[in-house]
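K.L.:
return atomic coordinates for the entry below.
(chains A, B and C)
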Amino acid sequence: MTQTTHQPDAAEVSAALFAEVQHFYGRHMRAMDEGRVADWTGDFLPDAVFVTNARPQPQRGRAEIARNAAAAARRLRKDGVVRRHCVTTLEVRREAESTLVARTYALITRTVVGGRPELEYVCTCEDVFVRRAGRWFIRHRRVLRDDLPGD
Amino acid sequence: MTQTTHQPDAAEVSAALFAEVQHFYGRHMRAMDEGRVADWTGDFLPDAVFVTNARPQPQRGRAEIARNAAAAARRLRKDGVVRRHCVTTLEVRREAESTLVARTYALITRTVVGGRPELEYVCTCEDVFVRRAGRWFIRHRRVLRDDLPGD
Amino acid sequence: MTQTTHQPDAAEVSAALFAEVQHFYGRHMRAMDEGRVADWTGDFLPDAVFVTNARPQPQRGRAEIARNAAAAARRLRKDGVVRRHCVTTLEVRREAESTLVARTYALITRTVVGGRPELEYVCTCEDVFVRRAGRWFIRHRRVLRDDLPGD
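P.N.:
Got it, this is the predicted structure:
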């Protein structure tokens, strides 16, 4: 758990930027949940790194991230599972002119037709964004499931 | 499930518009959850259509939507159920100068006094908004519960 | 339950202000969830009042609010519980030039390592904010758990 003192810095992150990051997540998470893996993967830089306490090793590069995402999407489809990444409680910090750190909570639900929806995982997500060609890309993602030992 | 490729189009939806749509949902869903049916229904155009996989037929027109909403509100009150529509993960697309498509996830909770809260439904909502007299109205709503067969 | 008619008033709350309040909650709730009690408490005015249907008496003043928050944080740490306040469905109303009323839903999750996440509480939160020294502070907070008798 982060114990560092955090100073409010809303002034550094404009309303327009905050909304832009929110909108990013709206598109990004929906792409994954609808199985549009290429759309989802396109939000990462080619050399992005994705670490999570649900995997023993970091995923390095867009190609590896895409392979794992495609495999996960196939499993869900095969099992008839609809998964949703419900993103809330955004906090954005500007690290430099073209770098952001965005932190969100994700409530991940799991539903099968005819069943009751379940709250499968609660995760925190910390993304480092960089700006390239007029839009934001994920350079580094860290996802921690609350039910697994931390980093 | 939508399989079409989706291009980022944040440029078409300003931060101000994105926040306005978010705020719309904050008011709109709270009105329903607090049983203020007229407030909630007033957000639909008089000839709005509301389709959902939880009903065999579309609801056509504000009057029919209002009748069904009032009946649902009475049932919840009678059963002592508090229902919340927790809206997350907004994505907004501009279709034309005065038309928007907004997509959200709704986590619908169900609580009775003395009981544990339950995640009753997970839904996706797709609203087509049109602008009239300086504000947005819902012209078409499509709600899909993840636990029911799709459209 | 509020039964008063509510008129849309988006015009009074700019997109910038709406995003600022959202960002406030992103920082504020994360501070509490990460056990940074001083950061969290610093968002209240020194003479803030915090009422909730989970306590028989209002908490009066930042010092009392801080003591209770610190005690809660210790209990969670001791029990190995990670709690998240997932904030959704914001509505903001301007009461005066320097006063806001913000209403949110909070989905409060509870997870222990090795266990399944639980939806512990569903709450509504109504905060009265005042502006001091260029930022917003909570002057009055009212939190109602849906599973407890109301106010």
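K.L.:
can you give me the strands in chain A?
P.N.:
A:44-52, A:59-60, A:81-96, A:99-112, A:118-132, A:135-145 (DSSP state E).
K.L.:
and those strands as TSV, adding mean pLDDT?
P.N.:
Compiled in TSV, the strands of chain A are given as follows (pLDDT from 0 to 100):
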stretch	mean pLDDT
strand A:44-52	98
strand A:59-60	98
strand A:81-96	96
strand A:99-112	98
strand A:118-132	97
strand A:135-145	97
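K.L.:
which one of the ones you listed lies nearest to residue B:12?
P.N.:
strand A:135-145 (13.0 Å; C-beta to C-beta). Quick note: C-beta positions are derived from backbone N, CA and C, even for glycine.
K.L.:
quick one: name the residues of chain A near chain B.
P.N.:
A:14-20, A:22-27, A:29-31, A:34-36, A:38-39, A:82, A:84-88, A:107, A:109, A:111-119, A:135 (C-beta under 8 Å from any C-beta of the partner chain).
K.L.:
of these, buried ones?
P.N.:
Neighbour-count burial (16 or more other C-beta atoms under 10 Å in any protein chain shown) is assigned, among these, to A:14-15, A:17-20, A:22-27, A:29-31, A:34-36, A:39, A:82, A:84-88, A:107, A:109, A:111, A:117-119.
K.L.:
now residue A:93. Nearest residue, chain neighbours left out?
P.N.:
Spatially, and ignoring its direct neighbours in sequence, residue A:93 is nearest to residue A:101 (4.7 Å; C-beta to C-beta, 6 or more residues apart in numbering or on different chains).
K.L.:
what's across from that neighbour in the sheet?
P.N.:
Counting by DSSP bridges, residue A:101 is bridged to residue A:93, residue A:128.
K.L.:
which residues sit in contact with it?
P.N.:
A:92-93, A:95, A:126-129 (C-beta atoms under 8 Å, 6 or more residues apart in numbering or on different chains).
K.L.:
same thing with residue A:18?
P.N.:
A:90, A:92, B:15, C:19, C:22-23.
K.L.:
can you convert those into TSV and add a column each for distance to residue C:141?
P.N.:
Converted to TSV, those look like this (distance: C-beta to C-beta, whole Å):
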residue	distance to residue C:141
A:90	21
A:92	24
B:15	28
C:19	21
C:22	17
C:23	18
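K.L.:
among the residues you listed, which two are most distant?
P.N.:
Among the contacts of residue A:18, A:90 and B:15 lie farthest apart (C-beta to C-beta), at 13.3 Å.
K.L.:
what's around residue A:50, how many residues?
P.N.:
Neighbours of residue A:50 under the rule other C-beta atoms under 10 Å in any protein chain shown: 21.
K.L.:
ok, residue A:133 to residue A:18 distance?
P.N.:
Residue A:133 sits 21 Å away from residue A:18, going by C-beta to C-beta, to the nearest Å.
K.L.:
no, scratch that, I was asking about residue A:92
P.N.:
6 Å.
K.L.:
what sits in contact with each of these two?
P.N.:
By C-beta under 8 Å, 6+ apart, the residues touching both residue A:92 and residue A:18 are residue C:23.
K.L.:
doesn't residue B:122 make contact with residue A:85?
P.N.:
No - with contact defined as C-beta atoms under 8 Å, residue A:85 does not reach residue B:122; the gap is 11.2 Å.
K.L.:
got the contact list for the residue nearest in space to the middle of chain A?
P.N.:
Central residue of chain A (C-alpha atoms, centre = their mean): residue A:125, 5.6 Å from the mean position. Neighbouring residues of residue A:125 by C-beta under 8 Å, 6+ apart: A:87, A:103-106, A:141-143.
K.L.:
pull stretch A:53-67 out as CSV, backbone CA atoms only.
P.N.:
C-alpha atoms of stretch A:53-67 as CSV (Å, rounded to 0.1, in the frame of the first residue of the first chain):
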residue,chain,number,x,y,z
ASN,A,53,0.0,-9.8,-9.4
ALA,A,54,-2.1,-12.3,-11.3
ARG,A,55,0.9,-13.4,-13.5
PRO,A,56,4.3,-14.3,-12.3
GLN,A,57,6.1,-12.4,-15.1
PRO,A,58,5.6,-9.0,-16.7
GLN,A,59,4.1,-9.0,-20.2
ARG,A,60,6.5,-7.2,-22.5
GLY,A,61,5.4,-5.5,-25.7
ARG,A,62,2.2,-5.1,-27.5
ALA,A,63,2.5,-8.5,-29.3
GLU,A,64,2.7,-10.5,-26.0
ILE,A,65,-0.1,-8.4,-24.4
ALA,A,66,-2.3,-9.1,-27.5
ARG,A,67,-1.6,-12.8,-27.5
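K.L.:
buried stuff in that stretch?
P.N.:
Here stretch A:53-67 shows A:53, A:59, A:62, A:65-66 as buried, counting by 16+ other C-beta under 10 Å.
K.L.:
show me how far that stretch is from its chain's centre.
P.N.:
13 Å (C-alpha atoms, centre = their mean, to the nearest Å).
K.L.:
what do you get for stretch A:32-43?
P.N.:
On C-alpha atoms, centre = their mean, the centre of stretch A:32-43 falls 11 Å from the chain's centre.
K.L.:
measure it end to end?
P.N.:
11 Å (C-alpha to C-alpha, to the nearest Å).
K.L.:
let me see the contact set for the spatially most distant residue from the centre of chain A.
P.N.:
Most distant from the centre of chain A: residue A:114, at 28.4 Å, with distances by C-alpha atoms, centre = their mean. By C-beta under 8 Å, 6+ apart, the contact set of residue A:114 is residue B:147.
K.L.:
likewise for residue A:113?
P.N.:
A:80, B:147-149.
K.L.:
and if you look at residue A:87?
P.N.:
A:25-26, A:29, A:104-106, A:125, B:88-89.
K.L.:
repeat that with 7 Å
P.N.:
Each residue near residue A:87 by C-beta atoms under 7 Å, 6 or more residues apart in numbering or on different chains is listed here: A:25, A:29, A:104, A:106, B:88-89.
K.L.:
dump these into a markdown table; add distance to chain C as well.
P.N.:
Formatted as a markdown table, the contacts of residue A:87 follow (distance: C-beta to the nearest C-beta, whole Å):
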| residue | distance to chain C |
| --- | --- |
| A:25 | 12 |
| A:29 | 14 |
| A:104 | 8 |
| A:106 | 9 |
| B:88 | 5 |
| B:89 | 10 |
